[in-house]
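Q: Structure, please.
(2 chains)
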Amino acid sequence: MTSPAPIISVKNVSVRFPGVLALDDVSLDVLPGELLAIVGENGAGKSTLMKVLAGVYSRYDGEIVLRGKPQRFQSTRDAEHAGVSIIHQELNLVEELSVAANIFLGRELRGSFGLLDERAMNAAAAKLLEELECRAAPTQLVGRLRVGDQQLVEIAKALSLQSGIVIMDEPTSALTEAESERLMRIIARLKARGVTILYISHKMDEVFRLADRITVLRDGRKVSTVVPAESSPRAVAHLMVGREIESASRFEPRTPGNAMLEARGLTLAWPGHAQKYRLRDVSLKVHMGEVLGIAGLMGAGRTELLECLYGSSRVPPQGEVLVNGRMVSFRHPAEALAAGVALVTEDRKRLGLFVDLNVGQNITLCQLRETLSAGLVSPRLERAMAAGIVERLHVKTPGVDARITNLSGGNQQKCIIGRGLLTRPKVLLLDDPTRGVDVGAKAELYRLIDGLCRQGLAVIVTSSELPELLTLSDRILVLCEGRVTGHFTRAEATEQRIMEADTARN
Amino acid sequence: MTAPQGHRVWTRPEFWLLLANFLVYFGVLIADRQHNFGSAASLQLLLTDTTMLGIFAIGITVVIISGGIDLSVGSVIAFSSIIFAIVLKQLSPAVIPKTGVGPGVLLGATAATLAAALLVGAVHAALITLLDLPPFIATLGTLIGLRSLARVIAQAKFGTDKPSVTAPDFRALYTSTWDWHLPWLDWPLKVRWVPLLVFLVVAAAAMVLLRRTVLGRHLYALGGNEQAARLSGIRTDRLKYVAYCLGALCSGLAGILYAAREGQGNSTNLGIGYELNAIAAAVVGGASLRGGVGTMTGTILGAMFLTLVVNGVPNIIKIDSTLYEGIIVGVVVILAVAVNQIRGKKFGS
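A: Numbers count the residues shown, from 1 in each chain, chains lettered A, B, ... in the order given. The predicted structure follows:
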């Protein structure tokens, strides 16, 4: 089979983050004018690879050859100059500026006296938008547009750059059915114009509909590249998951007790958004001494679900929540903690850590009242309380007075879990507890969670990594676009089945 | 356990600030050939200015640690002086120049003034929590509005912007002194003991609050990471009421003492720009305007440093010193904070 010279050649690219090898010696070729789909589980390295190609990451080993010339982009601007545009999963627009201003941001058209030529920009923007079937006016503020239209503004920007190569990172993850359909048509049109497209997704139907070739990544490595006609969604899903999970890596069966937490018909509205609901009619139950895993892709509603159970969602949810058989409706996390529900948040740096407080102070924060002696915080009791957690959870720290920022991710996480445990919860909610934690520390956290569970705690854990959920959980609930699309017991659950429920549409 | 960081004395910002204070003091002492800076009168001024600035700088430090800012300090001081004058006249209408108004009336007027200050603090917190206004804007509004309100009230009640309060026992709050014999001085140091006492009580209370109470720890947590604080079950909105009320309370106390100094309520030019001095003292003392960082000791040393520099300038530049004062103070504040930052990075913050 003879093929034209590749427009992009990725040669032996590796990207290392502290403690993780995000890309491991990946090589692949992209042919001019083709649509190459890149698929893989969360954390497989898809987004990292795209960010290398678009100049977001400039620190990598290996080589990128663009149109026959070796390139090393230092910034997205470099990449744009070379005709490579990326449309990120989280859109990169200035919401307070108009559509036209966003399209020409950084390359504004100027008229006489060097002043902005609004009219020319608006006219050019209108033309681009029309091509993209977008009904937004060039003068409209981007923040007022629906997500689907915002995405089209990004695409218009790429087109205005005359980009020959467009990278799309899970573009349909936040779109409605109709918007997705429109995007498919636009992608087909771009292809007809000879634009090369790198399309990242984990939705099999889209990939099989659009792609000329499919490259599968797993654990930072390229597994294989297949042609859709010679493969099937099932085969590709299998390639994505790859490894068989040996039952030995699971914990000994646990014996659940009474129901500790129950949710009935939880619904969380999403005003002004095409999807309308962040959560739709979610019911679940978790028992003493049981781990309930929540699977789901980004934006499926995992975090929102835990926020509803913890009383920290901005908008109160509809539906019923029962803790230990009693109906509750938490309006503040303080009420949840008092009722015995503790949450360890997903984004440790943003939502969990207090970088100005030391290790001990981070641990004791919620339960400082118990160290009072004559109305004042007793430094001695506080240190003893913190030291107790450090010992119980095996936190590796020079001492309770050490800076929390000097600890590794895993040990920081243990401190935050410890903070929650000090409140003596009956239900522990863990939102992606091993994110940014290295492999060794992960195993330790798993043992910790198993141990806590055996002491009678009811645990709900979410994760973006399926093997993790399979290791930890007694039961797994799968969320997709805010709805429960699967419920598996430990015996039934396989990565394959969860992945299928993950990507189920409707 | 190994020795934790930050416990060696020279790694602490307070140590360096203390050193800077000594440096400035002895530097001015040596540079000033007439040795006025070492006199009892000069020391008295240093001590009083530091305590007065210290009182409201402590208040603003609490607000800054909680992640907020209070720009209204100067206007709250002026507003409080007027409220005090009004309540005093209300409680004791007859002018009794000899005997004074009596402790009951003084206490009553003080209580009413502090209540008004608390109300201002509560309004700040309400604007910030209920209307989601940035603290900068909420307190900028009262910075502008309260002074005008004070004038309106003073005009309506007394027909003047500066109602005089001449009761001797009230003036004594500022003027009464206590002789302190220091071995190296020929004259006794006349300590204005009421402001000093108020300062010491406020400082001690604030120190205990920040170091040894749950509330204090929660203030640090709120300023350090508001979202994480809320998710840790801290009632962040309530805490903001506490922070802004404490801040306004300190300004109210300072307002009463300034009124005693001037012998009048003053709605026009009392306290103008004081919020900036207070912020400078806190920041020189190591507080971070991003919140979550700051200490009482630091702020007190910062207030002392600022006073030393301001009072030291005329001793070095004899002619037209007020002309250069602003430049020097500005440069020194920036220098002090910059040194603090660089030092902080070096010791790993």
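Q: tally of neighbours for the residue of the stretch 301-450 of chain A found nearest chain B?
A: Of all residues in the stretch 301-450 of chain A, residue A:401 sits closest to chain B, with a separation of 3.2 Å (C-beta to the nearest C-beta). Any C-beta I mention is one placed from the backbone N, CA and C, and that applies to glycine too. Around residue A:401 there are 19 other residues, counting by other C-beta atoms under 10 Å in any protein chain shown.
Q: So it lies in a helix, does it not?
A: No. Counting by DSSP: H, G, I helix; E, B strand; the rest coil, one finds residue A:401 to be coil, located in no helix.
Q: I figured residue B:147 was touching residue B:73, is that so?
A: No. In this structure residue B:147 lies outside contact range of residue B:73 using C-beta atoms under 8 Å: 11.5 Å.
Q: Between these two, which has more neighbouring residues?
A: Here residue B:147 and residue B:73 are compared on neighbour count by other C-beta under 10 Å; more neighbours surround residue B:73, at 30 against 24.
Q: Pull the contacting residues for that one.
A: By C-beta atoms under 8 Å, 6 or more residues apart in numbering or on different chains, residue B:73 lies in contact with B:56, B:59, B:60, B:247, B:251, B:271, B:274, B:275, B:278.
Q: Next one: it relative to residue B:304, how far apart?
A: Noted for residue B:73: a distance of 18 Å to residue B:304, by C-beta to C-beta, to the nearest Å.
Q: Poorly predicted segments of the stretch 401-506 of chain A, please.
A: Across the stretch 401-506 of chain A, residues meeting the criterion (pLDDT under 70) sit at A:436, A:438-440, A:504-506.
Q: Skipping adjacent residues, who's closest to residue B:145 in space?
A: residue B:75 (7.7 Å; C-beta to C-beta, 6 or more residues apart in numbering or on different chains).
Q: tell me which residues in whichever strand or helix holds the one you found are buried?
A: Following DSSP states H and E, the helix or strand that holds residue B:75 is helix B:73-91. When neighbours are counted by 16 or more other C-beta atoms under 10 Å in any protein chain shown, the buried residues of helix B:73-91 are found to be B:73-89, B:91.
Q: Could I get the contacting residues of the residue most central in space within chain B?
A: For chain B, residue B:56 is the residue whose C-alpha lies nearest the centre (C-alpha atoms, centre = their mean; 2.1 Å). Residue B:56 sits next to B:73, B:77, B:250, B:251, B:253, B:254, B:274, B:278 when contact means C-beta under 8 Å, 6+ apart.
Q: Chain A versus that one, what's the distance?
A: The spacing between residue B:56 and chain A, counted by C-beta to the nearest C-beta, to the nearest Å, is 24 Å.
Q: what ranges do the helices span in the stretch 101-250 of chain B?
A: The residue ranges that make up the helices of the stretch 101-250 of chain B, judged by DSSP state H, counting those that start in this stretch, are B:103-130, B:135-158, B:168-175, B:193-212, B:214-224, B:226-231, B:236-262.
Q: next one: the stretch 301-450 of chain A
A: Counting by DSSP H, counting those that start in this stretch, the stretch 301-450 of chain A forms helices over residues A:302-310, A:333-338, A:359-364, A:379-392, A:409-421, A:439-454, given from the N-terminal end onward.
Q: Out of those helices, which one sits most buried?
A: Across the helices of the stretch 301-450 of chain A, averaging neighbours per residue (mean count of other C-beta atoms under 10 Å in any protein chain shown) puts helix A:359-364 on top, at a mean of 27.
Q: Residue B:112: neighbouring residues, count only.
A: 18.
Q: what's the nearest residue to it if we skip its chain neighbours?
A: Per C-beta to C-beta, 6+ apart, closest to residue B:112 is residue B:87, 4.3 Å.
Q: coming back round to it: can you list the helices of the stretch 101-250 of chain B in CSV and add mean pLDDT?
A: Formatted as CSV, these follow (pLDDT from 0 to 100):
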stretch, mean pLDDT
helix B:103-130, 95
helix B:135-158, 95
helix B:168-175, 88
helix B:193-212, 95
helix B:214-224, 95
helix B:226-231, 94
helix B:236-262, 96
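Q: Can you tell me which of those helices is nearest to residue A:145?
A: Closest of the helices of the stretch 101-250 of chain B to residue A:145 is helix B:226-231, at 26.9 Å (criterion: C-beta to C-beta).
Q: contacting residues for residue A:425?
A: With contacts defined as C-beta under 8 Å, 6+ apart, the neighbours of residue A:425 are A:337, A:340, A:341, A:342, A:457.
Q: out of these, who's near chain B?
A: residue A:337 (C-beta under 8 Å from any C-beta of the partner chain).
Q: wait, which of the contacts of residue A:425 is closest to residue B:259?
A: Comparing these against residue B:259 with C-beta to C-beta places residue A:337 closest, at 46.0 Å.
Q: Give the burial count for residue A:177, as a bare number.
A: The number of residues packed near residue A:177 is 11, by other C-beta under 10 Å.
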